[in-house]
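*Asks:* Show me how the following folds:
(2 chains)
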Amino acid sequence: SQQGEEDPQALSIQEGENATMNCSYKTSINNLQWYRQNSGRGLVHLILIRSNEREKHSGRLRVTLDTSKKSSSLLITASRAADTASYFCATDYTGRRALTFGSGTRLQVQP
Amino acid sequence: GAVVSQHPSRVICKSGTSVKIECRSLDFQATTMFWYRQFPKKSLMLMATSNEGSKATYEQGVEKDKFLINHASLTLSTLTVTSAHPEDSSFYICSARDHQLNEKLFFGSGTQLSVL
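*Replies:* Purely as a prediction, here's the structure:
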C-alpha cells in the first residue's frame, strides 16, 4: 500500500497553542497536499507543496516537506476551537491520477 | 472556487435494495472523478476512478458489479451500490479535479449510507 501514515492519530490542545502533525509516505511524489475534514463532511483543501519545495506558508498554516525522509509536517499556529477537525495528508505521484490519503490526525482544540 | 455537489447526504435503506449516489461538478468540467470510501475515524480509501465516456477503473478488491459507476457527462458521475448489505454501510465521498487547477481535488460533502 502506498498509503501514508500520520502521527499523532489524535491530538488535544488548548486554544492558542500550536498543533503539529506529521505525515510519512512511501514513494516519490509530485506534490503533497493537506486536507481538512469536519466530522461527517467532505474534505477541504488546505495547502499544496511540490516536491521541489521545502516549506510553504498560508495564513496560520506552515507545511514542510523532506523528500529525503519522505515526510511532511503541518503546523497550525495559534490554534482556535474552530480548527477542531481531522487533517489528512495526500500524495500525488506519477502514474496515478487519484490522491492517496494518509491515516489522518484528529485534532481537538479546547476553548 | 470549484464546487462539487454530492447527494444524497444521508440514506438509510433495507438490505437488498440498491442506492444511487450522484456527484456533480457545478462550475467546471471533470473528465475524471474519484470515488472514495471512509469508515469511521479512518482514512479515505480509493474505490474507483470514473472516466467520462468510458469504463471506470476499479481498485483491487473493489467489486465492480457491486459498485456500479457511470460517468455519462463531463459534470456528472454516479455510484450505485447494488443489493446493499449492512457491511456496505459507510461514508462515500466523490471528488473531481478541475482540469485548469489540475493538482487540487475538490470534494463533495459525502453520503452516509446505512443499510439495515
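*Asks:* Assign a three-state SS to residue B:16, would you?
*Replies:* Residue B:16 falls in the coil class when you classify it by DSSP: H, G, I helix; E, B strand; the rest coil.
*Asks:* Can you list phi and psi of it for me?
*Replies:* Note on residue B:16: its backbone torsions stand at phi 100, psi -10 [degrees, to the nearest 10].
*Asks:* Isn't it up against residue B:82?
*Replies:* No - Residue B:16 sits out of contact with residue B:82 when judged by C-beta atoms under 8 Å, with a separation of 9.7 Å. C-beta coordinates here come from the backbone N, C-alpha and C atoms, glycine included.
*Asks:* the more surrounded of those two?
*Replies:* A count of neighbours by other C-beta atoms under 10 Å in any protein chain shown puts residue B:82 above the other of residue B:16 and residue B:82, at 15 against 10.
*Asks:* Hmm, the more buried one is touching residue B:64, no?
*Replies:* No - between residue B:82 and residue B:64 there is no contact under C-beta under 8 Å: 10.3 Å.
*Asks:* ok and the residue in chain A nearest chain B?
*Replies:* When scored by C-beta to the nearest C-beta, chain A has residue A:42 as its residue closest to chain B, at 3.7 Å.
*Asks:* Quick check: that residue vs residue B:45, distance?
*Replies:* Distance of residue A:42 to residue B:45, computed by C-beta to C-beta, to the nearest Å: 15 Å.
*Asks:* so who does the closest residue to chain A within chain B touch?
*Replies:* Per C-beta to the nearest C-beta, the residue of chain B with the smallest distance to chain A is residue B:107, at 3.7 Å. Neighbour list for residue B:107: A:35, A:42-44, B:4, B:93-95 [criterion: C-beta atoms under 8 Å, 6 or more residues apart in numbering or on different chains].
*Asks:* Go again with 6 Å.
*Replies:* By C-beta atoms under 6 Å, 6 or more residues apart in numbering or on different chains, residue B:107 lies in contact with A:42-43, B:93, B:95.
*Asks:* Then residue B:8?
*Replies:* By C-beta under 6 Å, 6+ apart, residue B:8 lies in contact with residue B:111.
*Asks:* Not counting sequence-adjacent ones, nearest residue to the residue of chain A closest to chain B?
*Replies:* Nearest non-adjacent residue to residue A:42, counting by C-beta to C-beta, 6 or more residues apart in numbering or on different chains: residue B:107, 3.7 Å away.
*Asks:* so what's that neighbour scoring on pLDDT?
*Replies:* At residue B:107, the model reports a pLDDT of 91.
*Asks:* Contact residues of chain B facing chain A?
*Replies:* When proximity is defined as C-beta under 6 Å from any C-beta of the partner chain, chain B approaches chain A at B:32, B:34, B:43-44, B:46, B:49, B:93, B:103-105, B:107-110.
*Asks:* List only those of those residues flagged as buried.
*Replies:* Buried members of the residues of chain B next to chain A, scored by 16 or more other C-beta atoms under 10 Å in any protein chain shown, are B:32, B:34, B:43-44, B:46, B:49, B:93, B:104-105, B:107-110.
*Asks:* Give the pairing partners of the helix or strand in which residue B:95 is found; include direction for each.
*Replies:* Element membership for residue B:95, per DSSP states H and E: strand B:90-96. If you go by DSSP bridges, strand B:90-96 pairs up with strand B:32-38 (antiparallel), strand B:106-107 (antiparallel), strand B:111-115 (antiparallel).
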